[in-house]
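>>> need coordinates for the below:
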Amino acid sequence: MESIWRIATGQDPNREDYEGIEFWSNPERSGWLTKQGDYIKTWRRRWFVLKRGKLLWFKDQAAAGIRGSTPRGVISVGDCLTVKGAEDVVNKPFAFELSSGSYTMFFIADNEKEKEEWINSIGRSIVQHSRSVTDSEVLDYDHRR
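Model (predicted):
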């Protein structure tokens with residue numbers, strides 16, 4: 001039933017949003033976060049992967065480890081402007097927000113250390129993948145050896 005709802009509401013990400021990103025291999029950061037829904041504002045625990053300027057999420061860790069699986073969602077962090085703590089906004093500990101000019105998404109980490117690590121990782125990715133940075137300045141973590 002949930003998959004029918006996701007298709008009907010257009011929630012499945014466009015394959016072009018994550019094409020060429022081997023999210024199952026050597027992510028810059030990965031782990032569990034609780035995310036607030038876009039339409040129904042409930043909180044759901046999801047497995048997140050940050051890689052090459054994309055923040056992808058999956059129902060669980062196993063789905064993220066399978067080549068060819070479809071993420072539940074994708075955010076291009078290069079389109080985002082800020083990532084910062086948001087405990088006071090959502091009234092929950094270890095909360096943070098990721099904002100662009102047109103939307104704000106809220107997340108909850110398991111503890112303060114995880115929250116700060118996610119904020120730092122996403123913040124670095126925003127700087128590396130923002131439109132003001134040229135392609136030659138962006139490190140390609142997949143091919144750097």
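>>> out of the helices and strands in this structure, which is least certain?
helix 2-8 (a mean of 41; mean pLDDT, DSSP states H and E).
>>> next secondary structure after that one?
strand 29-36 (DSSP states H and E).
>>> now for the longest helix along the chain, which elements pack on it?
With secondary structure taken from DSSP state H, the chain has its longest helix at helix 112-129. Counting contacts by 3 or more Cβ pairs under 8 Å, 6 or more residues apart in numbering; DSSP states H and E, helix 112-129 packs against strand 29-36, strand 43-51, strand 82-85, strand 95-99. C-betas here are computed from N, CA, C, even on glycine.
>>> so which of the ones you listed gets nearest residue 70?
strand 43-51 (12.8 Å; Cβ to Cβ).
>>> in that closest one, what counts as buried?
46-51 (16 or more other Cβ atoms under 10 Å).
>>> residue nearest the centroid of this structure?
By Cα atoms, centre = their mean, the chain has its centre lying nearest to residue 55, at 2.6 Å.
>>> that one: which element?
Going by DSSP H and E, residue 55 is in strand 54-58.
>>> give me the distance from that strand to the chain's centre.
4 Å (Cα atoms, centre = their mean, to the nearest Å).
>>> what angle separates the longest helix of the chain from strand 43-51?
50 degrees (axes from the mean of the first three to the mean of the last three Cα atoms, to 10 degrees).
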